[in-house]
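Peer 1: what's the 3D shape of this:
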Amino acid sequence: MGALDGQVAVITGASSGIGAATARLFAAEGAALALLDLKPVAGELLGLGTDTGHVTGHVVDVTDAAAVERVMAEVVERHGRIDVLVSAAGILDEVPFLEMTPERFDRTIAVDLRGVFLAARYAAPYMVEAGRGRIINIASQLGIKGGTGLAHYVAAKAGVIGLTKALALELAPKGVLVNAIAPGPIVTPLIDGLSEEWKRSKAAELPLGRFGRPEEVAPTALLLAGSPGGDIYVGQTLGPNSGDVMP
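Peer 2: Predicted structure coming up:
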């Protein structure tokens, strides 16, 4: 028996990084998966399906409200329910604040914060109707401590942490538990937009002395998604971050 046998999980940003690692782990634990991304999900991920845990791929822009609403309805039509939502879609680049354009700021907020809101907004009603569900938002430790050259990203991820707390307060009485994961720097395509100087400097700051790997973050999502492990986490922000932040 897997920890997620019989459950249906929706994962955004599923084609790479933390989203893909979470998909692999959830599939191994028996979940049926709906994998969302701006580009088609690779066949390797679609092949994770089993007799009891089917996998579907959905091309969707998480900033498009109508598209997100539509795909959540498609998931429920096909799978019958949504038990777990993991919002892992995100973008990241480095730019000094004094050089940042409003357009770049707005784009990051749209993907990294609005996208999290939209996914929750259109998945949560199905969970509330069922009387249970888990929403797991991927934030960042930078949303807690800040970071240079990343004001747009920091603002978005701080917003994700705040949004998570607000949703947790409203939805926990309805049986839906909402929590966040705030990883430290993780070796994914997301950090390709950062300079080598930034990455070297950041690695030197970390007590662990290295960046994390996606497969080291995915088990935190499994903890929050599962029972009894995740049953009393409400509005929390868990930090697999190589020691970068110690609340």
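Peer 1: phi, psi of Leu85?
Peer 2: phi -120, psi 130 (degrees, to the nearest 10).
Peer 1: mind listing what Leu222 touches?
Peer 2: Contacts here follow Cβ atoms under 8 Å, 6 or more residues apart in numbering; on that basis Leu222 touches 3-4, 22, 25-26, 29, 229. Where C-beta positions appear, they are placed from N, C-alpha and C, glycine not excepted.
Peer 1: From Met246, how far out is the nearest residue to Ile186 once chain neighbours are set aside?
Peer 2: Distances taken as Cβ to Cβ, 6 or more residues apart in numbering put Gly212 closest to Ile186, at 4.7 Å, once the chain neighbours are dropped. In this view, Gly212 and Met246 are 15 Å apart by Cβ to Cβ, to the nearest Å.
Peer 1: Quick one: residues contacting Ala31.
Peer 2: 2, 4-5, 7-9, 53, 83-84.
Peer 1: Is there a neighbour count for the nearest residue to Asp64 once chain neighbours are set aside? I'd like the number.
Peer 2: Of all residues beyond its chain neighbours, the one nearest Asp64 is Leu118 (7.9 Å), with distances taken as Cβ to Cβ, 6+ apart. Leu118 is flanked by 24 other residues according to other Cβ atoms under 10 Å.
Peer 1: Now the phi/psi pair for the residue of the chain positioned farthest from its centre, please.
Peer 2: Here the chain reaches farthest from its C-alpha mean at Leu98, the gap being 29.2 Å by Cα atoms, centre = their mean. Dihedral angles of Leu98 (phi, psi; degrees, to the nearest 10) stand at phi -70, psi -10.
Peer 1: if I look at it, how far off is Leu142?
Peer 2: Leu98 is 19 Å from Leu142, where distance means Cβ to Cβ.
Peer 1: Dump the contacts of Leu222 to CSV, plus neighbour count, pLDDT and distance to Gly131.
Peer 2: Output for those, formatted as CSV (neighbours: other Cβ atoms under 10 Å; pLDDT from 0 to 100; distance: Cβ to Cβ, whole Å):
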residue, neighbour count, pLDDT, distance to Gly131
Ala3, 18, 95, 20
Leu4, 25, 96, 18
Thr22, 32, 98, 24
Leu25, 22, 97, 26
Phe26, 29, 96, 21
Glu29, 18, 95, 22
Gly229, 12, 96, 20
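Peer 1: Thought Ala66 was touching the residue nearest to Asp64, still the case?
Peer 2: No - judged on Cβ atoms under 8 Å, Leu118 makes no contact with Ala66 at a distance of 9.7 Å.
Peer 1: hang on, the earlier thing: can you pull the pLDDT of the residue nearest to Ile186?
Peer 2: At Gly212, the model reports a pLDDT of 95.
Peer 1: Can you tell me how far it is from Ser195?
Peer 2: Taking Cβ to Cβ, one finds Gly212 at 19 Å from Ser195.
Peer 1: Those two: which is more packed in?
Peer 2: For Gly212 versus Ser195, neighbours defined as other Cβ under 10 Å are more numerous around Gly212 (20 against 11).
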